[in-house]
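Q: The amino acid sequence is not available; the structure is as follows:
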Ligand SMILES: O=C(CO)COP(=O)(O)O
């Protein structure tokens, strides 16, 4: 059995005081940590405060991106060593918004995935097709090639510990979700790709999230699907009530 993982991706929302308030409010209400992994991926500026605030609770804090080098002349970047030092547990890599606006490529995502493992963090690797890919029936080709590129050179054990988030780009922030069946089919295809790369055991262990307009109203059905092991959530992770409802669904999946 794979443990469900519900991760909020706050993107560029909230001020520090709002972020701290959120953690104070939710940390005592997180469902049993044995049943669901609860993660919030916050803007980098807030990470030290949020890690401190969440300490001792079941809530884990993640970053939304990072560089692959430990240090260097990379103005504005944050490094894996810096995140490790802050005790950040998770990092989102290759989000479609980073691929589109900040030049994250299959190649740099792969380097970042390796760096995450070297620094004790679990990577949440985002993959997904555009509307154009989908209309041309290129979804699986696109997604498999992103998965293959991201996992290149990892050990089977590392692959097994990876989280992959399937986020169809056309479903992000649009209110449109893939149907649960469609999402499950792509997640199943991702698992097959992982099996080809790293064997059945790693494929059975790897957790695959769905992301794209996930809400308390649709999460139960998504999580009832065989190959969907969690959700990566933008908008609906911003309010404590809504986030806790998503966790509750994860704990009961
Ligand atoms: O991009 C997403 C999570 O990474 C999805 O965002 P929404 O849940 O706001 O559609």
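A: Looks like it arrived, so ask away. Keep in mind the model is a prediction, meaning the values are calculated, not measured. Numbers count the residues shown, from 1 in each chain.

Q: hang on, residue 208 in a helix?
A: No. Using DSSP: H, G, I helix; E, B strand; the rest coil, the assignment for residue 208 is strand, not a helix.

Q: what does the stretch 1-150 of the chain have sitting close to the ligand?
A: For the stretch 1-150 of the chain, the contact set with the ligand under Cβ under 6 Å from any ligand atom comprises 9, 95. Glycine gets a C-beta too; all of them are placed from N, C-alpha and C.

Q: Let me know how buried the residue in the stretch 1-150 of the chain that the ligand sits nearest to is, in neighbour terms.
A: Residue nearest to the ligand within the stretch 1-150 of the chain (Cβ to the nearest ligand atom): residue 9, separated by 3.7 Å. Per other Cβ atoms under 10 Å, the neighbour tally for residue 9 reads 26.

Q: Equivalent analysis for residue 105, please.
A: Neighbour count of residue 105, defined by other Cβ under 10 Å: 12.

Q: need the contact list for it.
A: residue 99 (Cβ atoms under 8 Å, 6 or more residues apart in numbering).

Q: May I see the buried residues of the helix or strand of the chain with the lowest mean pLDDT?
A: The weakest-scoring helix or strand in the chain, judged by mean pLDDT, DSSP states H and E, is helix 131-135 (a mean of 93). Buried residues in helix 131-135, counting neighbours by 16 or more other Cβ atoms under 10 Å, are found at 133-134.

Q: Give the other helices and strands that that helix contacts.
A: In this structure, helix 131-135 makes packing contacts with helix 139-151, judged by 3 or more Cβ pairs under 8 Å, 6 or more residues apart in numbering; DSSP states H and E.

Q: which other residues reach the helix it packs on?
A: Applying Cβ under 8 Å, 6+ apart, the contact partners of helix 139-151 are 93-94, 106-107, 109-110, 113, 125, 127-130, 133, 159, 162, 164, 166, 168, 186, 189-190, 193-194, 197-198.

Q: what do you get if the cut-off is 7 Å, keeping everything else the same?
A: 94, 106, 109-110, 113, 125, 127-129, 133, 159, 162, 164, 166, 186, 189-190, 193-194, 197-198 (Cβ atoms under 7 Å, 6 or more residues apart in numbering).

Q: now do stretch 217-235
A: Applying Cβ under 7 Å, 6+ apart, the contact partners of stretch 217-235 are 2, 4-9, 11, 124, 165, 167, 172-173, 177, 180, 183-184, 187-188, 191, 207-211, 214, 246, 249-250, 253.

Q: Out of these, which end up buried?
A: By 16+ other Cβ under 10 Å, those give 4-9, 11, 124, 165, 167, 172, 177, 180, 183-184, 187-188, 191, 207-211, 214, 246, 249-250, 253 as buried.

Q: Which ones among these lie within strands?
A: 5-9, 124, 165, 207-211 (DSSP state E).

Q: what's the most distant pair in those residues?
A: Spanning the widest gap among these are 8 and 208, at 17.4 Å by Cβ to Cβ.
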